[in-house]
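Q: need a 3D model of the following:
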Amino acid sequence: MLLRNSLSSCISLLCALTFAGCGGKGSSAEAPAPALHNPSTTVQGTVVKGIVRGGLVNAYRLKDGSIDTLLASSTTDESGQFSFQFSDYSGPVYVEVTASSAGSWMICDSGSGCGEYNDSTELDKNSNGLIDFGEEFELGSDFSLTAALDFEGLTTPFSVTTLTHLAAQLAHSYPQGMNEISIAVARSQLEDLFGVSGVASSKIINLADPDAIANAGEQQLKHTLLSSALIGMGNETAFPQLLNTLTYQLQSQGGQMVAHGAAGNGISLADLIDEAMKTARMLELDDLASSFQITKTNLMTMDAGSLTDAKPSPTAAGDKADRINAFINDLNTWQGYLSLSPDQTSFANVVSSIGVSTGADLNKMMKAVALAGQYGPVVALPDAALSTACNSLGNALTRMTCHLLVSGKSLQDICEGSLNLVIFNRSLCDVLNDLRLPLGNGLKGNFALYDGIARIYGTTLDGVEIDITFTAVSNSGTSYAFSISGTAETDTGALIIQSGEFALTFEGGLDIKSLKLPETARGEIEVSYQQFADSDSGDSTSFAGSLAIDLDLSGVRKLESDSEHSFAGLESVDLSLIADGAFESIYGDHFDGSLNLSGGLDSDIRVVFEADLPDYSDRATVSLISTPEKLSSGAIEDISISWSGKRYDVMYFLAPSYGTRISNQDSVIMDLDLTVEDGETAGYIYYNGTRYARVSPLNGSLLLELSDGTEQVL
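A: Residues are numbered from 1 along each chain as shown. Down below sits the predicted model:
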């Protein structure tokens, strides 16, 4: 009943106050606490059911929807007024008024009277033994009136009345207890139910004071009369029980009352309106009495035992509700694309398009290309390479002849000069332009010194089969630039380098007689890549676009030729690779965007792409972060989605905890621990440290119980 009526009575509010979501390392970690404001706050109010004098007023801070520590205490004066101060707190407050041990009294403000005196007392002005309108009586120890207010509501004088009590207790029954949203929604619900405004802010008056009545506005009088009505249905000792009965009815019926004809000991709205009307007539408040009569007549037209259909204002909870609403709505928008569970792939079509090893494979290939690049400077410094080129020729006579011919000459002199230098019936220029050399470590080289072209081919010790052509473009002492083309292939995929430039930097210059690895290799190349079909899934990925590469090889050194491996320190290579273009799987999954791999094979892969919102209302930029190993199984560590000034960050946690955290640009946070069973608390939605929704698993989905008493499923 509570859920049904909560959903129906608050449906209008939900149109403006729905969704929010998640979890820090799988735990329900507390969101940041709100900042403290106003080092000293003075609060003023009045207790009216009628006027209560000598009442004990306690004010408590609210934390996580529950009553927390005492802020301040006060006692009402002869007019029912009180004041108190507190410091270093700026959140919602719960105020409770009880009977003081020193004695507390109330002025009867019901036209039907407030019961009987237990014995002779001077409070009985006409000595008839009855507590008549305007007479005082002492409160019992079970008397309690409450109010719940947000911080702004404390900045102006307020009243504690029967209606504020009902609103506070209704807010307390909502899933997240009492916070700014539930307080505002419950208050708005009561205002619509009773047809009043400003439940907390109205200055309620003493109905026994003719001057107060004469100076009061219609809403003040209406609120005061309705607040006085309940006691007229019983007596001074029955009032707390009647108030508890009405409170329970409101809580269990979703903020509704029986219109008329309440069963058993139930209280109907028509009963309360009738009592308020009696007092209005006694006080000759004819306009209000007529208004009450119309309301009662309308209630009597409803079926006996049926519930009212009061609704809170859609804007009751203000901007906080708007932020929670936007959070939940945005998560709803991305359903089907964004998973709230770490073991279910978000943006699955994109992850499939990337392939299980695309990033790692491209990384491996580009390292092989960079290592092959150490031989490029042979053609970038052709004159310095002449002697070395002669040393590479087949026999001693040929080498000696070559040295004699090149002595004192430049490559330009040899190939463009008037001398026609020939070595064993072959032009020396042609010989130097077609040098074929074994380079070791599985590689061979074909060097055209005059043309400035070096082709490096073979299979590296890491299993990368390369055939790369470097064409010299420029050099500046320590930096050598080449255009590049060719192929690279592993047992995972094949890369075709169509065009681009590669720059190698050799700190301290380069000795052509003792080639070494460059310290850095940078370039941007146009490529196409095809990942081979996976034997398990049969899927494969293709990529066409540009690769931007930046390698730091300074930690790698070449080993002696008889060593088991060619290089030491390859694991220290720091590589930044950005693949920007079109990714497509064999099954048709496709996305245009970029894949960013920085740091090496054990480092994170970042995938960035644009996508239409599922409702096609806008375009969003999506960033996925994972490691190659996790990405191969579809697992993602972090997601960022940005569009139209919004940003949602999602963090997934698999071990040692299992859960999710989602936060947005408004600092709304949803923390989830997804190890719990259905119905248990998985986490909460927070805003500025306050819980606004409880989250629990439900048959593979998530049930959100919001502060306004409504529920949603994700």
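Q: now stretch 420-434: average pLDDT?
A: Average pLDDT, stretch 420-434: 79.
Q: list phi and psi for Thr279.
A: phi -70, psi -40 (degrees, to the nearest 10).
Q: so the residue nearest to it when sequence neighbours are not counted, which state does it fall into?
A: Spatial nearest neighbour of Thr279, chain neighbours left out: Gly111 (3.5 Å); criterion: C-beta to C-beta, 6 or more residues apart in numbering. All C-beta atoms are positioned from the backbone trio N, CA, C, and that covers glycine. Of the three states, Gly111 takes coil according to DSSP: H, G, I helix; E, B strand; the rest coil.
Q: in this structure Gly111 contacts Leu285, no?
A: No: using C-beta atoms under 8 Å, Gly111 makes no contact with Leu285, being 10.5 Å away.
Q: re earlier: could I get the contacting residues of the residue nearest to Thr279?
A: Residues counted as contacts of Gly111 (C-beta atoms under 8 Å, 6 or more residues apart in numbering) are Phe133, Gly232, Glu275, Lys278, Thr279, Ala280, Arg281, Met282, Leu283.
Q: which of the residues you listed are buried, as a PyMOL select command?
A: A single PyMOL command is used to select the members of the contacts of Gly111 judged buried by 16 or more other C-beta atoms under 10 Å:
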select buried, resi 133+232+275+278+279+280+281+283
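Q: just the contacts of Gly111: which has the poorest pLDDT?
A: The lowest pLDDT within the contacts of Gly111 belongs to Gly232, with 74.
Q: ok, that residue to Ala280 distance?
A: If you measure Gly232 against Ala280 using C-beta to C-beta, to the nearest Å, the figure is 12 Å.
Q: and for Lys63?
A: Counting by C-beta to C-beta - Lys63 and Ala280 are separated by 41 Å.
Q: kindly state the domain boundaries assigned to the protein.
A: The chain breaks down by automatic domain parsing into domains covering 2-316, 357-633.
Q: centre of the chain to the first one, how far?
A: In this case it means domain 2-316. 37 Å (C-alpha atoms, centre = their mean, to the nearest Å).
Q: how about the last one?
A: For domain 357-633, the separation from the chain centroid amounts to 42 Å (computed by C-alpha atoms, centre = their mean).
Q: please apply the same query to stretch 324-340.
A: The gap between where stretch 324-340 is centred and where its chain is centred comes out at 10 Å by C-alpha atoms, centre = their mean.
Q: about what we covered before: what about the domains of the chain, which gets the closest to Ile685?
A: The closest of the domains of the chain to Ile685 is domain 2-316. By C-beta to C-beta, the value is 4.1 Å.
Q: mind listing what the nearest residue to Leu405 once chain neighbours are set aside touches?
A: Using C-beta to C-beta, 6+ apart and skipping the chain neighbours, the partner closest in space to Leu405 is Leu421 (5.0 Å). Applying C-beta under 8 Å, 6+ apart to Leu421 gives the contacts Leu405, Ile414, Ser427, Leu428, Cys429.
Q: 6 Å - rerun?
A: By C-beta atoms under 6 Å, 6 or more residues apart in numbering, the residues touching Leu421 are Leu405, Ile414, Leu428.
Q: any idea how far Leu386 is from it?
A: Per C-beta to C-beta, Leu421 is found 12 Å from Leu386.
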